[in-house]
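Enquirer: Fold the following for me, if possible:
(chains A and B)
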Amino acid sequence: MSRWYSLEGKKIWVTGGAGYLGSAITVELDQVGAQVLCFDLPGKAEALVREHGLERTVPLGVDINDAANLPAVLESLLAEHGVPDGIVHLVTASSSGKSLEALTADEFQRTFDLALTPSFILCRTLAERMKPRGSGSIILFSSMYGVVAPDKGIYHAPMVANPIDYGASKAATLQLSRYFAMHYGPAGVRFNCITPGPFPNPAVQRNHPAFIADLNKKTVLNRVGQSREIVGPTLFLLTDSASFVTGHSLVVDGGWTIW
Amino acid sequence: MNPHENSQDKTIRVAGVADCLGSPVAAALTSTLFLLGDSASCITGTNIPVDGGHTAK
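Expert: Okay, here's the model as predicted:
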């Protein structure tokens, strides 16, 4: 069975690869023998590589959200590192952090500009380069709030309910994934979304126990997710285990969205 | 890496082996193993279409 799940020697790019969820994915990819390019804000990817002693990961301080420069950046990276086998695109998260009443039209637009336009450029550019080879797996990240609206009852002042711009951009990310899957499927390039549920970072888990208790109650597993739990689903979609899975939203939410 | 890790040494009963759903069709089988293992510990109540994108368009 090993060939179905091996990523040894595969070139995998991870955007946002040093963040809370991204770092767990990057570390595991490195440990299983993948050749990883880890994109994050300057300094973060380097720190992750140092901290974990990653031997197969190249850290890159690249601002993926800079849509104007992104095509040139991608071409440069393709020339230096070759066409990747897989992409884990975590840098789709963007949020105003504003309440519905306080959110301006410009702020609403900014979230879409940051979350969607760079994703469109990155996905199309890399899928076009994968197409002649006839294979590739690209994973986008949506959210439970791209599927359902937040329950205002669990957000107590000064906290505001998860913002509308965030959820709307995450719903759009789901559709990006489906459209790209349709377009590049005949060329053998797969697109899927991972749709995480509540994965609060350790500081939130530590400092906001009442909020965590409310989040717990919203899942059928009665708990929030831990970063390691996003790793398996991501690697599954990258490998040949998922060779016939495309255009899918893999919901990793402890059951948040089923009731 | 084995995304199906911790399926080792587990007792798994497979119903319907006499028809096509239970047969070891590779794509379906590996997806099944993924859902059985701890890699899917935060996944419940969902479905994974193994359909080459049939339901995405």
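
Enquirer: Share the number of residues neighbouring residue B:49, please.
Expert: Here the number of neighbours of residue B:49 (other CB atoms under 10 Å in any protein chain shown) works out to 16. Placement of C-beta: from N, CA and C, glycine included.

Enquirer: mind checking pLDDT for it?
Expert: pLDDT, residue B:49: 90.

Enquirer: helix/strand/coil for it?
Expert: Per DSSP: H, G, I helix; E, B strand; the rest coil, the secondary structure class of residue B:49 is coil.

Enquirer: Would you mind measuring from it to chain A?
Expert: Applying CB to the nearest CB, to the nearest Å, one obtains 6 Å for the distance of residue B:49 from chain A.

Enquirer: Tell me where chain B has helices.
Expert: Residue ranges of the helices in chain B, as given by DSSP state H, are B:26-36.

Enquirer: How about the stretch 51-200 of chain A?
Expert: Residue ranges of the helices in the stretch 51-200 of chain A, as given by DSSP state H, counting those that start in this stretch, are A:70-81, A:105-115, A:117-130, A:164-184.

Enquirer: now those in JSON lines, with mean pLDDT?
Expert: Supplementary listing: those in JSON lines, determined by pLDDT from 0 to 100:
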{"stretch": "helix A:70-81", "mean pLDDT": "97"}
{"stretch": "helix A:105-115", "mean pLDDT": "94"}
{"stretch": "helix A:117-130", "mean pLDDT": "97"}
{"stretch": "helix A:164-184", "mean pLDDT": "97"}
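
Enquirer: Could you dump the ones you listed into CSV with mean neighbour count and distance to chain B added?
Expert: As requested, the helices of the stretch 51-200 of chain A are exported to CSV (neighbours: other CB atoms under 10 Å in any protein chain shown; distance: least, CB to the nearest CB, whole Å):
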stretch, mean neighbour count, distance to chain B
helix A:70-81, 14, 21
helix A:105-115, 15, 21
helix A:117-130, 19, 14
helix A:164-184, 20, 5
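
Enquirer: what comes up buried for stretch A:18-32?
Expert: Buried residues in stretch A:18-32, counting neighbours by 16 or more other CB atoms under 10 Å in any protein chain shown, are found at A:18-30, A:32.

Enquirer: Am I right that residue A:26 is in contact with residue A:38?
Expert: Yes. Counting by CB atoms under 8 Å, residue A:26 touches residue A:38, with 5.0 Å between them.
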